[in-house]
Each structure stands twice: as C-alpha cells, then as structure tokens.
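In: Have a look at this prediction, sequence included:
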Amino acid sequence: MELRHLRYFVTVAELGSISRAAAKLFMAQPPLSAQIRQLEEEVGASLLVRLPRGVQLTPAGTSFLEDARAILARTEQATQRAREQQSGQRSTLRIGLMPSATQSLLPGLIRRFESSGLDLHIEAQERVPSSRQLQALRNAEIDLGFIRPAASSPQPEWAAQIDDPYCLAVPEQHALAQNRQAVPLPSLASEVFVAFSRYAESDYFDQTAALCEEAGFTADVRHTATQFMSVLAMVDCGLGVAIVPASCALMLPPRVRLRPLIGLQRNSRLVLIRSADRVQDPWVQSIVELAELELNALAQAVQHLFREI
C-alpha cells in the first residue's frame, strides 16, 4: 500500500464521486478506479459502494477513512518537521484551545516555552466542541490541546487535568457580593444570567445549562458573549450574573466578585490532551511536560486567588 493510494481514496470519499476526484487529481477516471480497487484488495474489504451517481462509504470505508486521514496528516507533519530541522527553522507547535481557556492559559504557556529555550513557531487554534478537538488530535492536525469535557471516563489522549470549579460572577452592587458565603445554585432561579455563547463553546454552555436544570430551574439567559472577558464585562455593567470557571479569577474586572457555588451535580475540569500514539516521542514529551507544569501552575494560582476572594 502506498501513500498515493490513501490520497486517492480520501479524495474520492470526500467528493463522493470517482469522476470528480479524477478531475481534482488531474488523472483519468479508469486508472483512478483501478487504484481504488487495488487498495480494496490490499485492505481485504470493500470500502466504497458504487452507485448510479457517485459512491458511498461502506462501514469499513468509514473506519478506513479516519485512519487514512490520520496517516496522511502524520506523514505531512513528519516531513515538515524534518525539513524544519534540516533548514534550521523553528518547529511548529499546533495547540488546540477552548475559548474559555485561551486567556487564562495561553500567555503563561507561551512564556514557559520561551523560558525553556524551545525555538517554536506557535499556532494556536480554537476548536469546539471537545470532540472536534480530540478528532483533530487523532488526525494529527494539532500536537496538543486543552478541553473541558463533560463528565466521562478519562480517554487515552488525556495527559493531565485540573479541577476548575464552577463559580458565580456577580457585580459588586449585587446582594450576593456583600458577603463571602458560598451560593446554593437553586437560589439563583430568579436571577438574570449572562452566558458564554453556545456558538462559541457548546460544551461549556451545555454543561452550565445542565447544572441549572439539575438544580430545578432553567436559566433566564438574556445576554451572551463569545469570550469570558466579555461575559465578565457584562456582569460588571450589572446585566446579570454568570456561571464561570474559577480560572476567571485571573481576569476579573475590579467591580466583579466571584462566589463559590454549592449543591452541584457535576464539576468542571480543564484537561491537557496529546496523541496516544506519540507518548514515546521525545519532542512531544518535552512539550507535554511543560504544558503540564503550566496547567498545574494555573491550578495553584486559582486556588491562591480564590482564597482571597
């Protein structure tokens, strides 16, 4: 099996047509069909169903497509890294981030990479939801990432995690800002909420919406934003209260207060992910170790700030 066979198959699968794929690949249709048949013989399974108009993936073809994409991406990545080493260029590090973690985590992560002496070209990519970021990791589209998964068992890609508890952000003139007591979530049923946009990060929106439902009410969300800085700014202006991760304490406006929430059925985590296939890669190991240090430093900073709130 050759890499060109995989490229041919991926192109056909993505376009759903051998004729359109042949045109894109600048080759005639009969040779392309022959190459696909040869690939199926080598694999030992039918990958495509030929229809009167186009082709359709078989269950085996669907599974094979995911692996073929990952192999091609990994090959391109290896080629690029070898060329970078040969030419003395910086190595490219592709980091997947949730919007809710970008401002609290990325600056410290970059400083840590710089202080370690790593000469990197950093490419930060915001990818949501968590499942999409995991798929990007498996397809070698990113080297590591940070996700906020829903309650589930750890996956092979999980390298480290910290608790980033849900808190309530309130404007300083709000009654709940007048003391430092923890707030029972059910007591917020009559409050107006500012929320992190579902469009920006569906995982976090769905998780906080579920928290309220489990507490016996549907949140009255009247305002949304795609960045936590904007959510906090709206709270600062008195537009409502917001459920935010504790790491927001690092970017808190001076007139906003955070209060712990109690009576929750689930907790919030920030998870570092890396490819399960590259655990032994020394370059990946060094990057992951630094990222884990920064994740733990974030947890310690949040705990320190939260004690002072």
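Out: Thanks, I have the structure now.
In: what's the weakest-modelled helix or strand in the chain?
Out: helix 59-87 (a mean of 78; mean pLDDT, DSSP states H and E).
In: So which bits of whatever helix or strand comes next after it are buried?
Out: Sequence order places strand 91-97 as the next helix or strand after helix 59-87, per DSSP states H and E. Buried residues in strand 91-97, counting neighbours by 16 or more other Cβ atoms under 10 Å, are found at S91, L93, R94, I95, G96, L97. C-beta: built from backbone N, CA, C; applies to glycine.
In: could you say what helices and strands strand 91-97 packs with?
Out: Applying 3 or more Cβ pairs under 8 Å, 6 or more residues apart in numbering; DSSP states H and E, one finds that strand 91-97 contacts helix 59-87, helix 99-115, strand 120-126, helix 130-138, strand 144-147.
In: again, only this time at 7 Å
Out: helix 59-87, strand 120-126, helix 130-138, strand 144-147 (3 or more Cβ pairs under 7 Å, 6 or more residues apart in numbering; DSSP states H and E).
In: Check the separation of the first and last residues in stretch 20-38.
Out: End-to-end span of stretch 20-38 (Cα to Cα, to the nearest Å): 19 Å.
In: Contacts made by it with the rest, please.
Out: When contacts are defined by Cβ atoms under 7 Å, 6 or more residues apart in numbering, stretch 20-38 is touched by residues H5, Y8, F9, T11, V12, L15, I18, S19, L48.
In: Where does the closest residue to the first one other than its chain neighbours fall, secondary structure wise?
Out: Beyond its immediate neighbours in the sequence, the residue positioned closest to H5 (Cβ to Cβ, 6 or more residues apart in numbering) is L39, lying 4.5 Å away. Assigned by DSSP H and E, L39 falls within helix 29-43.
In: Now do the buried residues in that helix.
Out: Across helix 29-43, burial judged by 16+ other Cβ under 10 Å covers L32, S33, Q35, I36, L39, E40.
In: One more: stretch 228-242?
Out: By neighbour count with 16+ other Cβ under 10 Å, stretch 228-242 contains the buried residues F228, S230, V231, L232, M234, V235, D236, L239, G240, V241, A242.
In: Residues touching it, excluding its own?
Out: 100, 103, 168-171, 173-174, 188, 191-196, 222-223, 225, 244, 248, 251-253, 255-256.
In: Domain parsing of this protein, as residue ranges.
Out: 3-78, 91-163+269-308, 166-262 (automatic domain parsing).
In: before we move on, back to that, pLDDT check: weakest of the buried residues of stretch 228-242?
Out: pLDDT across the buried residues of stretch 228-242 is lowest for F228, at 84.
In: Report the separation between that residue and V170.
Out: Between F228 and V170 the distance is 15 Å, computed by Cβ to Cβ, to the nearest Å.
In: again, but for Q285
Out: Q285 is 43 Å from V170, where distance means Cβ to Cβ.
In: which of the two has more neighbours?
Out: V170 (23 against 14; other Cβ atoms under 10 Å).
In: Checking T224 next. Helix, strand or coil?
Out: strand (DSSP: H, G, I helix; E, B strand; the rest coil).
In: tally of neighbours for the residue nearest to it when sequence neighbours are not counted?
Out: For T224, ignoring the flanking residues on the chain, the nearest one in space by Cβ to Cβ, 6+ apart is S197 at 4.4 Å. Residues lying near S197 (other Cβ under 10 Å) number 18.
In: Going forward, the N-terminal residue is numbered 732.
Out: Let's use 732 as the start, then, which means that last one is S928.
In: My guess is S928 contacts H954. True?
Out: No - the criterion here is Cβ atoms under 7 Å, and S928 misses it with H954 at 9.9 Å.
In: I'm done for today, thanks for sticking with me.
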